[in-house]
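[1] Below are the sequence and a predicted model; questions follow.
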2 protein chains.
Amino acid sequence: MESVESRQERHRLVDADELTRFAVDALCAAGASHGEAAVTAEVLVAADLGGVESHGVARLRRYVEGLRSGAINRHGEAEIVSDRGSVCVLDARNGLGQPALCTAVDLAVDRARRFGTSAVMVRRSNHMGIAGWFAERAARAGTFAMVSTNAVPQVAPMGTNEPMFGTNPFCYAVPAEDDVLCFDGATSTVSRGKLEQLDRLGEPMRPGWALGPDGSATTDIPATVEGLIHRKGYALLPLGGGDQGHGGHKGSALSLFVELLCGPLAGARWSRHTYQDGEGGLGHFVFCLSLEALGGSDTIRADVDRLAREVRGAAPVDRDTPVRVPGDRRRRLSGARRTHGVPVLDSVLADLHDIARFVGVTPVRARHAGG
Amino acid sequence: MESVESRQERHRLVDADELTRFAVDALCAAGASHGEAAVTAEVLVAADLGGVESHGVARLRRYVEGLRSGAINRHGEAEIVSDRGSVCVLDARNGLGQPALCTAVDLAVDRARRFGTSAVMVRRSNHMGIAGWFAERAARAGTFAMVSTNAVPQVAPMGTNEPMFGTNPFCYAVPAEDDVLCFDGATSTVSRGKLEQLDRLGEPMRPGWALGPDGSATTDIPATVEGLIHRKGYALLPLGGGDQGHGGHKGSALSLFVELLCGPLAGARWSRHTYQDGEGGLGHFVFCLSLEALGGSDTIRADVDRLAREVRGAAPVDRDTPVRVPGDRRRRLSGARRTHGVPVLDSVLADLHDIARFVGVTPVRARHAGG
C-alpha cells in the first residue's frame, strides 16, 4: 500500500483530529453511541494516518448508510454469550464491527493477563477496518496478539475461480522495547480496495492478482472491481497466485486458516453465507499470549528488538532501499501525517462533504491545499 | 510436494512398518531411548507416507550421526522450566526435536482441556520433522492447533538476499467430522529439500524461488543447494517472492511471525544465532484452542466439514483437477502407501543400507521392485 502524496489525483491535507471529529459526528448523527463512534473513527483515521487509505475515511459512507438503513444495528452493543475463562465468545448483535472487536481485544488482554493465554471469538459482526489497530492495542498491553476477520467472499482458493474466502487479513503484533512490531495484510495477493486505489491513480494491475469468469488471468481493473462487487465470476487470487509453483496452495491455506477461525470456530457465517437475510454475520478472532506468562517481558522485548534490528541491518538488494520490518513504514508515515496533516483525495473529500450534508453535521475542514 | 512414483529415479517399495522398525533400530543403536526413537521414527515415516519425502527417512542419517557424535544429546529428555497453567516453556536439553515437541503437544492439549487455550514453547531443541504430524495429533485430541519451528537461516526477507529466517513452517490443524484438516508448508515459496528432490529427478526450478550472491534470481539448483548449505550468499525467497507486487512483504512477515514465536518468545536462538557452540538451539511453539471451550465441538466439527465440502465443490479451473483442501492429497497417499508400500528412492535406500552397516542393525527389507 503506497502513500497518496506522489499520485495523480489532487488531495487536500486535513488534521487527523479534525478528520476524527468529523467521523465521530457523522457516525453519531447516523445513530451510533458516542463510544462506538469514537472507536470506529479512531480505527478509520489510523488507517489514513498509516497509509492504508483503502480502509480509511473513504469507507465512512458504508457505516453511516448502514446505521441509517438499519443494515447495521444502531443499538448493537456486543455481549458475552460464552465465558470459559481463557476462551470467550461475543455476539456483536449486528452492530458496528470496530466497537465489538475492541471489546473482544480488551477482554482477551484481561484474560491473557489472568490465564497466560486467551482466545476471544466474535460472531454476528460487521466490517471492522484494519486488524492492525486491534493487534497493536493488545501488544501495547503486553501480549503477542493475532487478530483477524472474515469477509464477503472475493478470493478463489487454488484450482478454482469461484470466490470462497474473504480477503481475510493475517495480522499479528508483538511488543518490542519502545514500540510495537505489527503486520497486517490481506491473505490475497492484493485487496479490492487496493485495485480501486490503483484505478483512481491510473496505475496497472499485474497478472497473477485476479481471475476472470473464464478462469484465466485478468488485468482489467474496472471489470475486476465491478465483477467482484456484483459477484460476476471474478475472483482475487491468494498470496502465491493461482498455481502451486509459486505457492498458491499455501496462500489458499492461509486464507482458509482465517475463514475457519472466524467462521465455524466463532460460530459465525462464512464465505457465501455472509451478508444473507439482512446482516453480514461476520466473525472475528483474537488470540493473546502474555509475555509475562512466558517469564520475562523485558528480555523478550529486548530480543524482539534485536531480531528486528538484525533484519533491518541485512544488506539491501537495492542500496537505496533499506530492509524493513512490518510496521516501519506505517509508523514513519503516521508520525509525519500527525504533524503535517492527512492527505485526503479530492474525490474522498467530496464524498465526506456529501455525507455531512445528508446527516447534517459540520463538514470536514481541510487544512490547506496540497497535491 | 509431489509423489516419487512418477519420477525418473528408480525406487523400491517398503512396508511402512518395516521402515519404522528400521528407523527405531537405527536410532536406538545410535543411543536414543526406545520411546524417543519410536516417536522420531513415526514422524519420519509419516512424512514418507504423506508424500513429503524431503522430510522422511532420507533425513535419518542426520539424526543418527547427530546422536553418535554428541551434536544431539542422547540423554536429552525435555523438562518443564516454566509452568503458568495455560502457558509452559520446555527445555529440550539439546535432545532430538521430535520427542521434545511431542511432549510439548501433549502438554498443550492437556492445558487447553483444562483452561480452554494454551501455548507451549520449546527451547534448546533440534530439527523435528514435519510440523503437520504434531498439529494433527493435537487436532485428533479435540483442539484447533498451530505448531511451528524455526530453523537454520535460509530465507531472505523482501529487500535483501541475506538469509535471515528458517523455512519456518506455517502449520495448523482442526478436527472435522471424521477426520482432521491439516496444513503444513514452509513459509518460503519452496524448501531446500524440495530443490534437492527436483535435482534428483531432473526437474527445473523457477525464477522467484531463490536469489544468488549478486541479489538476482537464480535457477541453478545445485549452486543454490550448495550455496544454502555452505552459506555462500544464496537465499530462498519467502512466499510471494522477492518484490511487493506479488506479496513478498507478506511472505516475509509470515516467516518473521514464526521466527518471533520460536526465537525471542520461546527464549530460543534464532536465525544466524542457531547452530552455534555445538548445538542447534532451535525453538518450537504449540498453540491449542479446545473446541469444547468454544461451546459445541460437534457443531464446530460439522461446520468445518461443511466449509471443506464447499471448497472441494467449487468449480475447478481445470475440469480434471478437483479443488482440494489442505491434507486431502496427503490422506489419500498415506492410505495407498500403507496398503501398497512406501516408495523409497534407490539412492535413499542405499543410504539406509549404509546406516545399517555402521550402526550394526538389520537393513531395511524392501517389499519388491517398483518404478
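    Here it is on my side, so go on.

[2] How many neighbouring residues does residue A:42 have?
    Per other C-beta atoms under 10 Å in any protein chain shown, the neighbour tally for residue A:42 reads 19. C-beta: built from backbone N, CA, C; applies to glycine.

[3] Contacts only, for it.
    Under the criterion of C-beta atoms under 8 Å, 6 or more residues apart in numbering or on different chains, the neighbours of residue A:42 are A:20, A:133.

[4] List the buried residues of the helix or strand where it lies.
    Take DSSP states H and E as the rule and residue A:42 turns out to sit in helix A:34-49. Along helix A:34-49, these residues count as buried under the neighbour rule (16 or more other C-beta atoms under 10 Å in any protein chain shown): A:36-49.

[5] which stretches of chain A have low pLDDT?
    Low-confidence segments of chain A, defined by pLDDT under 70, are located at A:1-8, A:368-371.

[6] Strands of that one, start to end?
    In chain order, chain A shows strands spanning A:11-14, A:79-83, A:87-91, A:117-125, A:143-149, A:170-175, A:180-185, A:210-211, A:235-236, A:282-290, A:342-345, A:368-369, with DSSP state E as the criterion.

[7] on that earlier part again, relative to strand A:180-185, how tilted is the helix holding residue A:42?
    Between the axes of helix A:34-49 and strand A:180-185, defined by axes from the mean of the first three to the mean of the last three C-alpha atoms, to 10 degrees, the angle is 80 degrees.

[8] okay, helix A:34-49 in CSV with CA atoms only?
    Presented in CSV, the C-alpha positions along helix A:34-49 are these (Å, rounded to 0.1, in the frame of the first residue of the first chain):
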residue,chain,number,x,y,z
HIS,A,34,-20.6,8.3,21.2
GLY,A,35,-18.4,5.5,22.5
GLU,A,36,-19.0,3.3,19.4
ALA,A,37,-18.4,6.3,17.1
ALA,A,38,-15.2,7.2,18.8
VAL,A,39,-13.7,3.8,18.4
THR,A,40,-14.8,3.4,14.8
ALA,A,41,-13.5,6.9,13.9
GLU,A,42,-10.1,6.1,15.6
VAL,A,43,-9.7,2.9,13.6
LEU,A,44,-10.6,4.7,10.3
VAL,A,45,-8.3,7.6,10.9
ALA,A,46,-5.5,5.2,12.0
ALA,A,47,-5.7,3.6,8.5
ASP,A,48,-5.4,7.0,6.8
LEU,A,49,-2.5,8.0,9.0
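
[9] re the thing from before, using TSV, lay out the strands of chain A together with distance to residue B:233 and mean neighbour count.
    Shown next, in TSV, are the strands of chain A (distance: least, C-beta to C-beta, whole Å; neighbours: other C-beta atoms under 10 Å in any protein chain shown):
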stretch	distance to residue B:233	mean neighbour count
strand A:11-14	43	22
strand A:79-83	53	14
strand A:87-91	47	24
strand A:117-125	40	29
strand A:143-149	33	29
strand A:170-175	30	26
strand A:180-185	27	25
strand A:210-211	36	28
strand A:235-236	35	28
strand A:282-290	36	28
strand A:342-345	41	24
strand A:368-369	49	9
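
[10] So which of these is nearest residue A:247?
    Between residue A:247 and these, the tightest spacing by C-beta to C-beta is seen for strand A:170-175, at 14.1 Å.

[11] Check which helices and strands the closest one is in contact with.
    Here strand A:170-175 is seen to pack against helix A:131-140, strand A:143-149, strand A:180-185, helix A:248-262, helix A:297-312, helix B:248-262 when contacts are counted using 3 or more C-beta pairs under 8 Å, 6 or more residues apart in numbering or on different chains; DSSP states H and E.

[12] what's the angle between that strand and helix A:297-312?
    With the same axes, to 10 degrees as the criterion, the two stretches strand A:170-175 and helix A:297-312 enclose an angle of 120 degrees.

[13] Within the sheet, what are the partner strands of strand A:170-175, with directions?
    Within its sheet, strand A:170-175 is paired with strand A:143-149 (antiparallel), strand A:180-185 (antiparallel), according to DSSP bridges.

[14] Give me the contacts around it.
    Residues outside strand A:170-175 that contact it (C-beta under 8 Å, 6+ apart): A:131-132, A:134-136, A:138-140, A:142-148, A:180-185, A:187, A:254, A:257-258, A:291, A:297, A:300-301, A:304, A:327, B:250, B:253-254, B:257, B:260, B:265.

[15] tally of neighbours for residue A:354?
    12.

[16] For stretch A:127-146, buried residues please.
    Residues of stretch A:127-146 classed as buried under the neighbour-count rule (16+ other C-beta under 10 Å) are A:127-139, A:141-146.

[17] Please apply the same query to stretch A:55-63.
    By neighbour count, with 16+ other C-beta under 10 Å as the criterion, the buried positions of stretch A:55-63 are A:55, A:56, A:57, A:58, A:59, A:60, A:61, A:63.
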